[in-house]
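**Q** Model the following, please.
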Amino acid sequence: MVTLSIVLPISLSACKKEEIELPGVETLDVKDVRRTNAQLDGSKIAIDTSFQTSYGFCWDIESLPTMDDNIGHVVAFDVSGDDGLYFRAYVQGLIPGTTYYVRAYATNLDGTAYGVEK
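**A** Sure thing, here's the model as predicted:
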């Protein structure tokens, strides 16, 4: 009895995980400030925003607010046309005479990035 072995060349290629970077985000000027509310505007500055899962604003009475330690945060909505780069939110329930610090945020699979404080 003869045993025949056949060796076939097999090419294995590793699946490369697509690299995702923290999103870019910019805090724009706070507008329409009234006694207890304000309009917040932001801009997505990353080239590829398809991996962003959420974006909005966080605020606090302490400098450099984050999503973890802030008084409040709100998810924003798109306000620009087809490009989808600008977003806005309205904050209510602010205490008159109180200084608030606000930053835009954008979150993706890698984490959360923040814009400069306003």
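**Q** which secondary element of the chain has the worst mean pLDDT?
**A** Of all helical and strand segments in the chain, the minimum by mean pLDDT, DSSP states H and E falls on strand 77-78, at a mean of 78.
**Q** Now do it: everything it contacts.
**A** Here strand 77-78 makes contact (Cβ atoms under 8 Å, 6 or more residues apart in numbering) with 84, 86, 87, 88, 89. Using the backbone N, CA and C atoms, a C-beta is placed for each residue, glycine as well.
**Q** Which of the helices or strands spans the residue most central in space within the chain?
**A** In the chain, the residue lying closest to the centroid (Cα atoms, centre = their mean) is residue 106, at 0.7 Å. Take DSSP states H and E as the rule and residue 106 turns out to sit in strand 101-108.
**Q** tell me what that strand is packed against?
**A** Identification of packing neighbours for strand 101-108 by 3 or more Cβ pairs under 8 Å, 6 or more residues apart in numbering; DSSP states H and E yields strand 25-27, strand 38-44, strand 54-60, strand 111-114.
**Q** I'd like those as CSV, with mean pLDDT appended.
**A** Conversion of those to CSV gives the following (pLDDT from 0 to 100):
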stretch, mean pLDDT
strand 25-27, 90
strand 38-44, 90
strand 54-60, 89
strand 111-114, 89
